[in-house]
Every structure is written in C-alpha cells, then in structure tokens.
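**Student:** My questions are about this predicted structure, shown below with the sequence.
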Amino acid sequence: MSEDEEKLVGNIISIDYGLLSRENYSSPRGSGCARASNAPPRPDRFKMWFEERSWSNLKLTDDLIEDWRDLWAFKIDFTIVAFSYVWATTNLLNLPKLILENGGLAFVAAYGACLLVCCLPVIVLELSIGQLTGRAPVTAFFNLSPIFKGVGVSQLLFTFLFLVVNTRYLGWLLLYIYHIFWSLWLGRPDLPWMSCKSFPEMISAPCREAGSLSNFTDLSLTKIAVVQKESSLMQFMSALERPTASIDALGHLEVFPLVAYGVIWAVVFCTICFGVRWMGKVLPLFLIVSVSCFFAVLVRSLFMGGIVQAAEYWYGLTDWNVLTDYMVWKRAAEQSLLATGCGFGAYISIASYCKRSNNLVKDSIKVCFAHVLFSALQVGLVLSLTGYVYKKSGLAPALLIDKGEAQFWHILAYLQDFQNKQVWSGLLLLACALSLLAVFCIFALSLLAGLEDACGEKASKCCPRFSLAFLLCAAGAGASVIFATQAGRHWHELATGYLSYVTIWVILAAELLAAGWFYCAHRLGNDLHLMLKYACCWCFGHFLLLFNYILPIVPIGIAMLNARAYDRTAFSDEVRGWQWYECVGAAIALLPLLPIPLFALAAICRVCCCGQKEHGGSFKQLFGTRLRSHVSTSAYADESHYGRHERTLTRSDGTSPPRYAASAPGYLRLPQAPLAEPETYNERDLAEEGISLDDIEEEVDLERPLDEDDLIITSDEIYDLRDLAEEGISLDDIEEEVDLERPLDEDDLIITSDEIYDLLAVR
C-alpha cells in the first residue's frame, strides 16, 4: 500500500474521532463529564467508563441540527431494560381475578387480542418517537408538534406521582424482607405476619392467623382471614405504622416506613446518576435475580398439589359469550395497556438512547413476547397456590383471589404451609421488590432525561447530572414522606383510587393524537424506512403504526367508562370521613393533565400576541413538526421525484447554490464555527496541485447532516471506487458496482459525488 493510500485509510478510519479535537464542533451530549469545545483533548488514561461519547447517533431538528445523545453500551442492555419494564407484577396482582370474573379463557383470548391490536402498535409508536427524536417525552413531543409539548410534561408529572405513591408499596416489601432477617436473628420459628403467638409485641387481641378461615359456621360466607382487621398480617402492618382514625389527622412520622423510603430513593439515585451505561449493568442484575427467585417459588408451589384441580376449575369458567360484552373488552384493553406500561413515556426515554438504526420493530415484538411469558409465570404462581388452598380447604378459587395490593398479601399468606417458609417468603418478596425497583429506576431515568433536555447540553456532564439526579431523588423522597405518617395508609388509598380513573388514559389519548394524527402515523412509518435496514421490518412497523389512527378511541372510551363508574363507597370510612377528600382526590387526578391545555394555550398566545412570527413561528409550524423535512424525505424519495443520478439541487433561477455557503442545503452555521463564504475555487484543482488529503479535508466536510445529493460510503467502497476509476469507469457506472445508498451504519461517511472525485484524485 502506498503512502497516500495509507494516509487515505487512516483519515477515513479516524475521522469520527478526529472531530472530537476540532474546536469548530460543540461538545456532544453524553453520559459523563464533557470537556469544553475549545479545551484540549483529554488523555484516554484519565477517561472514566461513564464518560464515553457516541457520535453515531446523530439527531436532526430545526434548532438542534447536529446533536448527539449517549447510547446504551450494548444492544442487549436496552433489550433487558425493556424486559425489566414489562416484568413488573401488574398482572400478578390483577390478571387472575379478571380471568375468573370475565369468562376464563375467553378473557385470555380478549387480552391477547388487545395486546396485539392495541399494545404492540403503541409500543412501536413510542419507541419510534424516542429513537427518531433522541429526546425524553417533553422535547420529543415538542419536536413532533410544538403545540403538544404539554403531553410530554404530563407524562413526566404522572410518572413522578406514580413513583411517589408506589413508594409506600415498595417500602412495605422491603420492611417484610427486613423482618424476615429480624425473626431469624431472634431465633423465632415463624414470621410476624403469619403468627399470633410468636410475636406478641406486634399483636393485639383478637387475632387470627393470616391464611386461616374467618368463618366456620357458614361455608358460603367463609373467607381467608388475610386483609381483615383481626388477621395477623394486618395487625403486623398496623403495629409498624399505627394508622389514625381519619385521613386529616396526619399524626407522627413512623421510623420504619421512613427509613424504607429513604433506602428506595438512595438505590434509585445510585442507579441513574451514572447514566444509561451504568444502568444497563444494574437492571439486568435486578431482572435475573428477580426472575430466578420467582421461578423457584413457582416450581416449589407446583409440587404442593392442587394445580390440576385449580386448572379444571378455571377452565370450567370459560364462557365465550362474554366476548359480546363491551365491558369485557374494556377491561382487557385497560389491563393490557397498564401491564405493558404504555402512556408513561418510558419507552420514549429508553429508546432515545438507542442507535438511530436500531431495529425497534423487532424489539417491540420481543417485548410483547416477554410480556406474555412473564404473565404466564405470574398467573401460574397464583393458579398453583390457590389450587393448593382449594384442595386443602375446599374454598372456591374465586374466594381466594383479590385485586391490587391485597392480592399480594393473600399470596404471601398462602406460603404459611411451606417448609422453610422464611426462605420461600423471602424469595417471593425479593423477586417482587426487585421487579418494582427496576420500574422505579426506568421512570427515574425518564424524569432525569427530561431535566437534562430542559437544562441544556451541559446538564449531562458529571456534576450537573449528579446534581439533577440528587434533586430528583430528594424530591421523590420528600414527597413520599406523607405516606410515612400515621395517616399514610389513608392518603395512599386516596391517591391510588383517584389516579386510576382517567389520568393515564387522557395522557395516552393525547399522545396518540399528537403522534398519530398531527405528526401523522404514516409519516412516522416513513421515518422507520429511514432508520431501519430490513424492508420486512419497516413495512410491518409501518403497518402497525397505521393502527394508531383509530387507537385514540380506546383510552378515551376507558376514561369515560371509568368516570361513569365512579363510586364513593369504594373508599374506606377513614377517607370518606374527611369532607374535602373528593376535592383533594380530583386535584391529584387532574394535576398531571393541566400541562396539556396550558402549554397549548401558551404556544398559541406566543404566536398571536408576542410577535413570534418574526422568528419563524406561525400556526402552520405550531401544529406542524420541527423535525427536518428533507431528512425524512431524502431517504425514501422515489426515483420518479429524484432521479437516481440527477442529484444536483438548483435555485429558483436555475443556478446551483454555493456548496459551502451558510445557505447551502445540508450545511449549517454553528455558532462556534461559521461556515465559509461562497467558494471561489474547486477542490479537485487542489488535488491536482499536490495538496494532500489532510488539506482537502479542511475544505471537504465529510460529516454533516444528510442532504438529498449525499451518498453513504465506507472506506472499503472508496478503494473500490478508486480501482474502478483507474479503469476509466464513470461515476454513473461506479454507482451500479458499489451500493452507495443503504441504511446508515456506524462506519459510514456522508459524501457527495464531487467529494468522491476529490478523494479519488489523491494518488
């Protein structure tokens, strides 16, 4: 290889990294400490593992033409994080009861249909938005359509409320785990929530052991004493939080819940403060340990007996006629959307850290398949445990299953007949705690990404990111303090009750309208063509995205039916005894929805009253998109519009614009380095004058936003072009030999035909 050839290869291979030391490019967004754009390059031996930069994830918008976002260290990290998100125990708590009450296998079929028709298209939609914009929900929706910026704000507000409210449930899981070790330390043979005799300091008379029958005289009224006031489990919880008689009497702070909440938010902070590269290592550990512990409990429960009798009972409840009832479909759609986590904006946030060429359609199918597998494991555990109790007591499984948190306390009580109940209870508690903790970390990452987007590029450096993560976790811990008071149980009941009615469904409907109708699901499908390599994947993804035209009716219908089913008697006497409980509950439910109309009105007022038209703002752009249109169209424009070999852009007067002027298509004026004025020379002449490729590189910009006359090429293809050019073959023929148009890859360079000639001229 000649000296010039070696120089050519070295220049092409190092071009991605050479730009790091150029002062005319701003520092990219990353996951760690970023040096100033005019600072000298930092030696690699001082670079930490979370300070790596990713230059292959170029994001394009109107005001952020060239912008970079940190990437997952490996593709498997993103996949496992997505699996951790759907491993949450939502179906463990709710799905078994829904199956029993809504026609057995008929409801399972309805659930599967909703998973394919509703959940899969929404997951593809959210992953597409995140991967296309490379931003958290707020900035993502602002770039899709500025008037819908409030949708992203609402998603983050609801996510924060979800974290605060569910801190109590996760805190109790940790307290149960702590008291397992506490009972072993004291050498007591039982557990404090299963025994009335072994822990008299936590029990008050009368007491009935959790899992025992509460009525022996009338079998039809007999139930398992788990969530009743006299059960040992409820008395154990009351001994730790000492609840007041009314929600308005807050009482004192309780030490045990307060410490548990602090531990939760400390773990969340340690998980998110280093960014996605560190989080991609922690959450796989959570998932592996959680699934392993859960699977061990499942296998043990299968050997307790009764699984066959329970399966026959469940199968006997199958009634296919219930599929004609719209309420069955409403419950199936509601549960499937909640269990897959649609509408929270988490998919948008985690996808924003993926490569632009990531196959999100395949990932969506994997997520749905994992959700089906995880749901089968969770329902299988409930089926096996209730089958054992059914065989033992003769109680129908419908009397042994509940919904929500009460369902988990029932499952915990059914482990009392296991040998080494401390071990099996600890495994189940650890599995559920880690699954919910993973969801906490994903939601916290979404909030942190939104804060970084709002604070600007410097917010992703070490100290700013640590500070934002600390403030976020401190705010979450501070807001959850109310649930550590003696009235925390009542406030948790109030908040969860009102948030479950309409809030998430209005947000999801607004998201589908913003992305599916105003940005246009068809346009988003065309963006898939830009991002994905395989035609079968983007075609199928495009087909799924078209479902989002009709899907807004689903969350709107669920919200209307839930609002119509509002029932005051669903709340306890301690909550209803406060005259303001409905006003406060409505405020909690409606607060996350306020940004949607407020931000829309503010955007309209800026256009109408504040002279924003002078800065390019108009009603058309307000409802339009801020994503660069030529980026979306250039990759999938057909040959009838842009001829394959006719790529030269012309002005209205028929002349070609200067290729290196600030107004040239595909070029941008960065504040750190204004582009040169219109050229008065030809780069090919430079090569003929003996100027090296290093000098030409200063004149030929090989990395810039995509333009309609750009070609995508690698170093190997440049050698192929040079060899063919030496044989006298023209560029038109060369394009037939070397595939210059294909989905963008990490090693590709963006180059024009003239620049290829400039490179080929260097011998």
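**Tutor:** Great, that's in hand.
**Student:** where does the helix or strand containing residue 526 sit relative to the chain's centre, distance-wise?
**Tutor:** Assigned by DSSP states H and E, residue 526 belongs to helix 521-531. Mean C-alpha position of helix 521-531 versus that of the full chain (CA atoms, centre = their mean, to the nearest Å) differs by 20 Å.
**Student:** and if you look at stretch 583-601?
**Tutor:** So, by CA atoms, centre = their mean, the centroid of stretch 583-601 is 22 Å from its chain's centroid.
**Student:** buried sites along the helix holding residue 526?
**Tutor:** Using 16 or more other CB atoms under 10 Å as the test for burial, helix 521-531 gives 521, 523, 524, 525, 526, 527, 528, 529, 530, 531. For glycine as for every other residue, the C-beta is placed from the backbone atoms N, C-alpha and C.
**Student:** Can you name the helix or strand that the residue nearest to residue 227 when sequence neighbours are not counted falls in?
**Tutor:** Once flanking residues are discounted, residue 227 sits nearest to residue 406: 4.9 Å by CB to CB, 6 or more residues apart in numbering. Per DSSP H and E: residue 406 is located in helix 405-413.
**Student:** what helices or strands is that helix leaning on?
**Tutor:** helix 90-101, helix 232-241, helix 360-393, helix 421-455 (3 or more CB pairs under 8 Å, 6 or more residues apart in numbering; DSSP states H and E).
**Student:** could you dump these to a markdown table with mean neighbour count?
**Tutor:** Shown next, in a markdown table, are the helices and strands packed on helix 405-413 (neighbours: other CB atoms under 10 Å):
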| stretch | mean neighbour count |
| --- | --- |
| helix 90-101 | 22 |
| helix 232-241 | 21 |
| helix 360-393 | 21 |
| helix 421-455 | 23 |
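**Student:** residue ranges with poor pLDDT in the protein?
**Tutor:** Along the chain, the model assigns pLDDT under 70 to residues 1-69, 213-223, 610-618, 628-763.
**Student:** Enumerate the positions of the top helix by length along it that are buried.
**Tutor:** Counting by DSSP state H, the longest helix found in the chain is helix 149-186. Going by neighbour count (16+ other CB under 10 Å), the buried part of helix 149-186 is 149-177, 179-180, 183.
**Student:** Pull the number of nearby residues for residue 470.
**Tutor:** Counted with other CB atoms under 10 Å, the neighbours of residue 470 add up to 13.
**Student:** typo on my end, it should be residue 138
**Tutor:** 25.
**Student:** That one falls within a helix, correct?
**Tutor:** Yes: if the criterion is DSSP: H, G, I helix; E, B strand; the rest coil, then residue 138 is within a helix.
**Student:** Which residue comes closest to it once chain neighbours are left out?
**Tutor:** residue 152 (3.6 Å).
**Student:** show me what contacts that neighbour?
**Tutor:** If you count contacts by CB atoms under 8 Å, 6 or more residues apart in numbering, residue 152 has them with 136, 137, 138, 139, 140, 141, 142, 345, 450.
**Student:** pretty sure the third one is touching residue 455, no?
**Tutor:** No: between residue 138 and residue 455 there is no contact under CB atoms under 8 Å: 11.7 Å.
**Student:** if I look at residue 228, how far off is residue 351?
**Tutor:** According to CB to CB, to the nearest Å, residue 228 and residue 351 sit 45 Å apart.
**Student:** Just give the nearest non-adjacent residue to residue 260, would you?
**Tutor:** Per CB to CB, 6+ apart, closest to residue 260 is residue 171, 3.7 Å.
**Student:** my guess is the one you found meets residue 265, correct?
**Tutor:** No: the criterion here is CB under 8 Å, and residue 171 misses it with residue 265 at 10.1 Å.
**Student:** residues near the residue nearest to residue 486 when sequence neighbours are not counted, how many?
**Tutor:** Distances taken as CB to CB, 6+ apart put residue 251 closest to residue 486, at 2.9 Å, once the chain neighbours are dropped. Residue 251: 15 surrounding residues under other CB under 10 Å.
**Student:** now the contacts of residue 152 as JSON lines including distance to residue 608?
**Tutor:** Formatted as JSON lines, the contacts of residue 152 follow (distance: CB to CB, whole Å):
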{"residue": "136", "distance to residue 608": "28"}
{"residue": "137", "distance to residue 608": "26"}
{"residue": "138", "distance to residue 608": "23"}
{"residue": "139", "distance to residue 608": "24"}
{"residue": "140", "distance to residue 608": "25"}
{"residue": "141", "distance to residue 608": "21"}
{"residue": "142", "distance to residue 608": "19"}
{"residue": "345", "distance to residue 608": "29"}
{"residue": "450", "distance to residue 608": "28"}
